[in-house]
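Engineer: any chance you can model this:
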Amino acid sequence: MKSFPASLAATGTLAVLLVPACALAQSPSADLPALDALGPGQYSLWVSGAAEAEATTVPVTTADASTPKTGIISGEASQRARYTYDDFAPDATNETGPFVISMALGSALVEMEGVDNPGVTVGLHVTDAVEPGMHAVEEAFFDVGPSAVPLAVSAVAGPLGGRPTPFASDPEGAVEIVRMDRDGATGRFALTMGPLMGDGDAITVRGAFKGIPYAPGLEASISGSGKLEGPAFDTVKTDVSGAGPAFSLSTGFHDEPAAHIAFSEEPEIGTYEPGNDGLLTARVNGEPAAGSVTITRTGESYGAEFDLRADAEGAGISGSFDHARPE
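Structural biologist: Below you'll find the predicted structure:
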């Protein structure tokens with residue numbers, strides 16, 4: 001892997017908007033914020049125009065990696081910065097990318113006229129084809145995968161949990177990549193973009209980040225048998241059921257879960273079987289399942305190996321996943 005990777009994501013239900021950038025021979029005249037004001041593992045973000053927000057020298061903690069979008073929406077978290085692989089790309093992995101740095105600010109820090117519970121998300125997408133240095137923003141593209149261009153940016157602002165406004169028209173500004181590898185990401189940016197649809201104020205986003213640590217993203221290898229034999233299962237949704245985690249395994253974002261694994265309390269590392277003790281319940285194709293689930297932990301994230309079957313349905317599901325965080 002090269003000395004860089006990164007990428008981005010948007011909030012809400014909108015498609016990701018990517019603005020490609022190209023490398024410059026010399027620094028553009030963008031109003032880039034200084035990196036000197038930041039310590040290791042800190043970031044700053046300023047937003048003006050269509051939305052107003054400011055968060056300076058904010059430390060990135062391990063909670064940032066595990067804070068879900070729902071934490072921003074509910075107000076449990078005021079901000080979140082994350083550097084991970086870009087799950088907008090269907091084939092993204094922790095080893096090959098593409099990657100994303102996203103910065104999200106919640107309503108405690110954002111003001112938008114006439115908008116309740118406003119939020120802003122800014123993202124930088126980088127593949128291993130990008131080079132360190134200054135990059136000027138070019139024309140915008142709608143719904144372009146980050147693997148199609150070496151570097152792209154996006155911004156959305158609006159009601160959290162609703163339909164935020166995408167900004168990608170007539171972009172101006174620059175992104176400087178200082179370092180992006182598996183040990184951390186450092187860079188800065190200054191960008192102005194108009195709303196993609198309709199009239200309205202442009203948005204200006206300025207930010208800097210230093211040594212943002214890489215947070216591994218979810219990876220899964222799951223297969224079905226019997227009535228579930230066929231396509232690979234590659235989607236794992238994680239939430240909290242009662243006091244313990246619950247994992248829903250399915251073939252895609254909109255599909256019904258093929259299997260559901262739920263713990264009534266936080267499990268220790270080890271192997272569990274669904275049974276009468278009530279700690280673990282498992283269902284395959286909607287029916288009670290037998291088998292085993294082996295849980296591993298890395299910080300706040302879960303991993304699992306499992307082999308489950310519902311005899312009445314003649315359906316089974318087995319495999320493993322890693323780096324799953326409760327949403």
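Engineer: could you list the low-pLDDT ranges of the chain?
Structural biologist: 1-30, 62-76, 138-149, 230-234, 242, 251-256, 276, 312-313, 327 (pLDDT under 70).
Engineer: now do the strands in the stretch 201-327 of the chain.
Structural biologist: Assignment of strands within the stretch 201-327 of the chain using DSSP state E, counting those that start in this stretch yields the ranges 203-212, 219-226, 235-241, 244-250, 259-263, 270-272, 280-284, 287-288, 290-298, 301-310, 315-324.
Engineer: ok, G198 - contacts?
Structural biologist: By Cβ atoms under 8 Å, 6 or more residues apart in numbering, G198 lies in contact with nothing. Where you see a C-beta, it was placed from the backbone N, CA and C, and this is true even at glycine.
Engineer: now do the SS call for it.
Structural biologist: At G198, secondary structure determined by DSSP: H, G, I helix; E, B strand; the rest coil is coil.
Engineer: give the closest residue to D307 in space, chain neighbours not counted.
Structural biologist: The shortest distance from D307 to any non-neighbouring residue, by Cβ to Cβ, 6 or more residues apart in numbering, is to S318 (4.2 Å).
Engineer: touching, the one you found and F306? I think so.
Structural biologist: Yes. If you go by Cβ atoms under 8 Å, S318 and F306 touch, sitting 6.3 Å apart.
Engineer: hey, what's in contact with both of these two?
Structural biologist: G291.
Engineer: mind checking which of those two has more residues around it?
Structural biologist: Shown here are S318 and F306; by other Cβ atoms under 10 Å, F306 has more neighbours (23 against 19).
Engineer: let me know whether that one touches T294 as I believe.
Structural biologist: Yes. Applying Cβ under 8 Å, one finds F306 in contact with T294, separated by 7.1 Å.
Engineer: check which helix or strand covers T121.
Structural biologist: If you go by DSSP states H and E, T121 is part of strand 118-126.
Engineer: nearest to E131, of the strands of the stretch 201-327 of the chain?
Structural biologist: E131 lies closest to strand 203-212 among these, at 18.4 Å (Cβ to Cβ).
Engineer: CA atoms of the closest one as PDB?
Structural biologist: Backbone C-alpha positions of strand 203-212 (Å, rounded to 0.1, in the frame of the first residue of the first chain) are rendered in PDB as follows:
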ATOM      1  CA  ILE A 203     -21.100  26.700   1.700                       C
ATOM      2  CA  THR A 204     -17.400  27.200   2.700                       C
ATOM      3  CA  VAL A 205     -15.600  24.500   4.700                       C
ATOM      4  CA  ARG A 206     -12.100  24.900   6.000                       C
ATOM      5  CA  GLY A 207     -10.400  22.200   8.100                       C
ATOM      6  CA  ALA A 208      -7.100  20.700   9.200                       C
ATOM      7  CA  PHE A 209      -6.300  17.400  10.800                       C
ATOM      8  CA  LYS A 210      -3.100  16.000  12.200                       C
ATOM      9  CA  GLY A 211      -2.300  12.300  13.000                       C
ATOM     10  CA  ILE A 212      -5.900  11.100  12.800                       C
END
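Engineer: for it, name the packing helices and strands.
Structural biologist: Other helices and strands packing on strand 203-212, by 3 or more Cβ pairs under 8 Å, 6 or more residues apart in numbering; DSSP states H and E, are strand 42-49, strand 79-85, strand 99-105, strand 118-126, strand 151-159, strand 184-195.
Engineer: tilt between the last one and strand 203-212?
Structural biologist: In terms of direction (axes from the mean of the first three to the mean of the last three Cα atoms, to 10 degrees), strand 184-195 departs from strand 203-212 by 170 degrees.
Engineer: so what strands line up beside strand 184-195?
Structural biologist: Under the criterion DSSP bridges, strand 184-195 sits next to strand 165-181 (antiparallel), strand 203-212 (antiparallel) in its sheet.
Engineer: dump those strands into TSV; add mean neighbour count and distance to L218 as well.
Structural biologist: What follows is the strands paired with strand 184-195, written out as TSV (neighbours: other Cβ atoms under 10 Å; distance: least, Cβ to Cβ, whole Å):
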stretch	mean neighbour count	distance to L218
strand 165-181	21	20
strand 203-212	23	19
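Engineer: okay if I get these as a markdown table plus distance to V156?
Structural biologist: Converted to a markdown table, the strands paired with strand 184-195 look like this (distance: least, Cβ to Cβ, whole Å):
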| stretch | distance to V156 |
| --- | --- |
| strand 165-181 | 5 |
| strand 203-212 | 9 |
